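A.B. asks: Here is a sequence with its predicted model. Questions after.
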Amino acid sequence: MSFIKWIIGALGFLFGGGIWGGLAGYAAGSLLERLVTKEYEGVPNKQADFSMSLLVLASSIMRQDGVVMRSELEYVKTFFARNFGVEHANSRLEILKELLKTDVNVESACNSIRFSMNYASRVQLLHYLFSLAASDKAISEAENRQIHYIARLLMINEADYKTIEAMYSVSNDSSYTILQVEKTASDEQIKRAYRKMAIKYHPDKVESLGNEAKKAAKEKFQAINNAYETIKKERNII
């Protein structure tokens, strides 16, 4: 499966420290390869790529606060239970726990993800990272910085990053940020921006990632609709 090639390859860069780092990387890679090969047998490549990418990057987010929260583990478990079934959710957690023990080289992982996923899938991955960070009811500055760093490595443009970020914050300007327009934009500019965003973030663009990803994409799509409705009411746009 394609994701095994890049995840095991990336593990070669996860550890420093000369020969000892190399041995640790090899051991971790071998363990993960056994876990991953067993658990993702028969899963479509695009879904497997997306799921493993989420685990790798999730581990880097969960380490930012210095403690792994139960709510974060539950979020990951629920994601995989919905995506692959309850039976396999615990196995995904085992993979995540192994990743949490390592100092993941996020840059190397993101380089691999960038080559294996299209842009819409990478944006959806960012959406999940924000959801994970928010699972304990608050996104810390450290988590936000790390997600922003990941977004840059994944070559997600700043406007799209700000759109996703604004979906997880409450402010007077968040609706405008979600639609990627200034508050001074004309009504016609706002209408055009909404139409553009509705096309760009349509759930069909991530259909190949599975039902759970499409469901999350629909929630994101709804957030765009909600932002537009908020501005329409504020301005009395018909």
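C.D. replies: Structure's in. What do you need?
A.B. asks: so where's this protein uncertain?
C.D. replies: 1-51, 84, 170-172, 208-210, 212 (pLDDT under 70).
A.B. asks: list the helices and strands the longest helix anywhere in the chain packs on?
C.D. replies: Counting by DSSP state H, the longest helix found in the chain is helix 211-235. Judged by 3 or more CB pairs under 8 Å, 6 or more residues apart in numbering; DSSP states H and E, helix 211-235 is in contact with helix 70-84, helix 119-133, helix 174-178, helix 187-200. All C-beta spots, glycine's among them, are computed from the backbone N, C-alpha and C.
A.B. asks: can you list the domains in this protein?
C.D. replies: Following automatic domain parsing, the chain resolves into domains at 2-156, 170-238.
A.B. asks: out of the ones you listed, which comes closest to residue 162?
C.D. replies: Smallest distance to residue 162 across the domains of the chain (CB to CB): 5.4 Å, for domain 170-238.
A.B. asks: Let me know the distance separating residue 214 from residue 202.
C.D. replies: As judged by CB to CB, to the nearest Å, residue 214 and residue 202 stand 10 Å apart.
A.B. asks: Residue 211: how many residues sit nearby?
C.D. replies: Applying other CB atoms under 10 Å, we find 11 residues neighbouring residue 211.
A.B. asks: excluding its backbone neighbours, what's nearest residue 107?
C.D. replies: What sits nearest to residue 107 in space, not counting adjacent residues and going by CB to CB, 6 or more residues apart in numbering, is residue 153, at 5.8 Å.
A.B. asks: which phi and psi does the one you found have?
C.D. replies: phi -70, psi -30 (degrees, to the nearest 10).
A.B. asks: and it, what does it touch?
C.D. replies: Contacts here follow CB atoms under 8 Å, 6 or more residues apart in numbering; on that basis residue 153 touches 106, 107, 110, 111, 114.
A.B. asks: In terms of helix, strand or coil, where does residue 155 fall?
C.D. replies: coil (DSSP: H, G, I helix; E, B strand; the rest coil).
A.B. asks: helix or strand for the closest residue to it other than its chain neighbours, which one?
C.D. replies: Leaving aside its sequence neighbours, residue 155 sits nearest to residue 114 (CB to CB, 6+ apart; 6.1 Å). Assigned by DSSP states H and E, residue 114 belongs to helix 106-116.
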